[in-house]
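Chemist: Sequence first, predicted model second:
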Amino acid sequence: MAKRKPEDRVKDFDEVTLGLSDEEAYYEANRCLQCPKQSCISACPVGALIPTFMKAVKERDLAKAYQVVRQKNRIPAISGRVCPQESLCEEECVLARVGQPVAIGAVERYIADYALKNGLTKEVRPGEEERKKVAVVGSGPAGLTVAAEMVAKGCEVKVFEALHRPGGVVLYGIPEFRLPKKIVEQEIDSLKRQGVEFENGVIVGRTLTVKDLFDDGFDSVFVGTGAGSPKFMGLPGESLNYIYSSNEFLTRINLLKAYSFPTYGTPVKVGQKVVVIGAGNTAMDSSRTALRMGADEVYIVYRRTRAEMPARKEEVLNAEEEGVQLMMLYSPVRFMGDEGGSVKGVELQSMELGEPDASGRRRPKPVEGSGFLKEADTVVMAIGNRVNPIIQMTTPGLATTGEEGLIKVDETYESSIKGLYAAGDVVLGEATVIEAMGTGQKAALSMQRKMAQ
Ligand code: FAD
Ligand code: SF4
């Protein structure tokens with residue numbers, strides 16, 4: 001897919017990728033072999049009907065293509081941009097064995113963008129079968145998928161969101177240059193038109209409880225509160241000024257538009273030498289955001305090697321093209337500050353890879369005596385997030401699992417409380433947009449089956 005030039009795109013927050021042209025989409029759809037075994041579908045967490053929508057694109061019937069996409073995917077313009085297709089459907093595409101797989105993600109995005117531009121999303125109508133009331137807590141990809149599935153069955157659906165705008169991580173975490181807010185808003189507007197009601201600024205567990213929701217007459221409650229609590233390493237000096245969690249850093253800039261301060265009321269200070277700790281999508285987003293905020297030098301510090309980086313390869317490449325420098329096999333030991341309490345450097349030590357650990361990845365271990373000082377006036381900790389714990393703490397009888405307190409669900413995604421379902425990151429731990437959607441879809445189908453009994 002064509003992209004803007006690095007030297008241009010690094011100056012603003014506009015989208016980097018440009019989407020497929022009509023002819024490119026047609027070309028890709030034509031390459032699809034319409035395989036009888038359809039390994040691409042089996043690899044997709046929502047079971048997207050890939051060969052069928054490819055056939056519709058090939059026939060240049062984009063209205064039909066959109067109809068097919070929506071059968072399994074309720075927010076395709078979002079997932080088409082950020083889903084790790086290269087390790088899901090595209091990895092399993094038979095053409096990948098002999099060369100390039102069909103560009104499935106890019107074609108999905110092409111169809112979804114066509115639908116948004118041409119008003120096709122306005123034609124989606126709610127179903128009329130059920131008259132049950134469903135509360136959805138959290139408006140990330142899991143919550144939005146459940147809301148869309150339930151309203152399509154004719155349920156009355158109300159989404160409660162803690163922040164002042166709905167969308168979850170795809171709104172407040174993933175930057176505009178990867179996923180424009182306009183696209184997220186358009187997908188949400190389409191749900192509103194179908195009758196989904198949104199109430200923002202409601203923290204379930206504080207403003208009201210899960211019990212209040214059942215007492216208010218909701219037949220089912222779905223919890224999709226994600227993993228939005230930052231993790232730190234507990235190193236000396238970690239609370240110095242200008243050491244941010246990636247959450248705070250990205251939320252201030254993306255959601256609260258700190259890049260337009262003082263037009264918008266939230267400032268954020270980004271210095272000239274930025275060190276980002278971590279190597280996932282969050283680290284890539286933080287480093288590329290720091291460049292756009294005017295930093296001269298931005299380094300990604302990671303304790304393993306490039307081969308183990310959890311970020312999407314495409315995003316690592318984009319970051320490098322824009323000037324982010326990768327420092328592999330290093331780990332922070334402590335942070336140093338100036339007399340005013342602001343960070344001025346980080347002591348790094350070299351690492352080497354030892355025997356594989358439980359995850360199968362080689363365990364990094366420090367190289368004795370290798371410590372050195374790396375100057376930095378801004379540090380972003382992008383080492384992952386924990387689940388939001390408020391509902392678990394305020395809902396008696398709700399079973400959790402693991403150290404982190406993930407909500408425990410059975411195979412139907414029902415929790416230990418009857419009628420309370422959960423999916424997405426709050427059940428899986430940090431996962432992906434499409435996994436949040438896939439588990440949300442399964443939870444919604446279980447809720448529908450229960451209602452029909
Ligand atoms: P979330 O998206 O976290 O949404 C949960 C929502 O619930 C939030 O809006 C939150 O405010 C709300 N909430 C929380 N507690 C309450 C409460 N008590 N009451 C009411 N509302 C509440 N995945 C990819 O597939 N591709 C990527 O490129 C990618 N990049 C990422 C970049 C960043 C910076 C981050 C942080 C994550 C990224 N991910 C990516 C992961 C992906 O975004 C998540 O896996 C996905 O958003 C999880 O969806 P969810 O619906 O479970 O939760
Ligand atoms: Fe088409 Fe690839 Fe799926 Fe076969 S595996 S149907 S070629 S997308």
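Modeler: Nice, thanks for sending it over. Numbers count the residues shown, from 1 in each chain. Ligands and ions are numbered 1, 2, ... in the order given.
Chemist: Show me where the stretch 351-453 of the chain has its strands.
Modeler: 362-366, 372-375, 378-381, 385-386, 400-401, 406-407, 420-422 (DSSP state E, counting those that start in this stretch).
Chemist: Who are the packing partners of the fifth one?
Modeler: Spelled out, it's strand 400-401. If contacts are counted by 3 or more C-beta pairs under 8 Å, 6 or more residues apart in numbering; DSSP states H and E, strand 400-401 sits against strand 406-407. Bear in mind the C-beta positions are built from the backbone N, C-alpha and C, glycine included.
Chemist: which neighbours does the strand it packs on have in its sheet, and in what orientation?
Modeler: According to DSSP bridges, strand 406-407 forms sheet pairs with strand 400-401 (antiparallel).
Chemist: Off-centre distance for the strand it pairs with?
Modeler: Centre-to-centre, strand 400-401 and its host chain are 22 Å apart (C-alpha atoms, centre = their mean, to the nearest Å).
Chemist: what is the mean pLDDT for that strand?
Modeler: In this model, strand 400-401 has a mean pLDDT of 96.
Chemist: Quick one: residues in contact with it.
Modeler: Contact with strand 400-401 is made by 392, 406-408, as judged by C-beta atoms under 8 Å, 6 or more residues apart in numbering.
Chemist: Pick the one among the residues you listed closest to ligand 2.
Modeler: Closest approach between the contacts of strand 400-401 and ligand 2, by C-beta to the nearest ligand atom: Leu406, at 32.7 Å.
Chemist: Show me the beta-bridge partners of that closest one.
Modeler: Bridge pairing for Leu406 - DSSP bridges - gives Thr401.
Chemist: Next one: the residue of the stretch 301-450 of the chain found nearest ligand 2 from Pro267, what distance?
Modeler: Residue nearest to ligand 2 within the stretch 301-450 of the chain: Ile434 (15.9 Å; C-beta to the nearest ligand atom). Ile434 is 35 Å from Pro267, where distance means C-beta to C-beta, to the nearest Å.
Chemist: and those two? which has more neighbours close in?
Modeler: Ile434 (24 against 10; other C-beta atoms under 10 Å).
Chemist: who's in contact with that one?
Modeler: Ile434 neighbours (C-beta under 8 Å, 6+ apart): 44-46, 79, 83-84, 88, 141.
Chemist: for those residues, which one is nearest ligand 2?
Modeler: Nearest to ligand 2 out of the contacts of Ile434 is Cys44 (C-beta to the nearest ligand atom; 9.7 Å).
Chemist: Count the residues that sit near the closest one.
Modeler: Using other C-beta under 10 Å: Cys44 sits among 23 other residues.
Chemist: what's the answer for Arg252, then?
Modeler: Around Arg252 there are 21 residues (other C-beta under 10 Å).
Chemist: what's the pLDDT at the residue of the stretch 301-450 of the chain found nearest ligand 1?
Modeler: Nearest residue of the stretch 301-450 of the chain to ligand 1: Gly424, at 2.3 Å (C-beta to the nearest ligand atom). pLDDT for Gly424: 98.
Chemist: again with Val223
Modeler: 98.
Chemist: one step back: how about the nearest residue to the residue of the stretch 301-450 of the chain closest to ligand 1, chain neighbours excluded?
Modeler: Leaving aside its chain neighbours, Gly424 sits nearest to Ala142 (2.8 Å; criterion: C-beta to C-beta, 6 or more residues apart in numbering).
Chemist: Tell me how far the helix or strand the one you found falls within lies from the chain's centre.
Modeler: Ala142 is part of helix 141-152 when elements are defined by DSSP states H and E. Relative to its chain's centre, helix 141-152 lies at 16 Å (C-alpha atoms, centre = their mean).
Chemist: Check which helices and strands the helix or strand that that helix is followed by sits against.
Modeler: Sequence order places strand 156-161 as the next helix or strand after helix 141-152, per DSSP H and E. Applying 3+ C-beta pairs under 8 Å, 6+ apart, one finds that strand 156-161 contacts strand 133-137, helix 141-152, strand 197-200.
Chemist: Please indicate which of the ones you listed has the most neighbours on average?
Modeler: Among the helices and strands packed on strand 156-161, helix 141-152 has the highest mean neighbour count (mean count of other C-beta atoms under 10 Å), at a mean of 29.
Chemist: Glu403: how many residues sit nearby?
Modeler: There are 7 residues near Glu403, going by other C-beta under 10 Å.
Chemist: now do Leu406
Modeler: 19.
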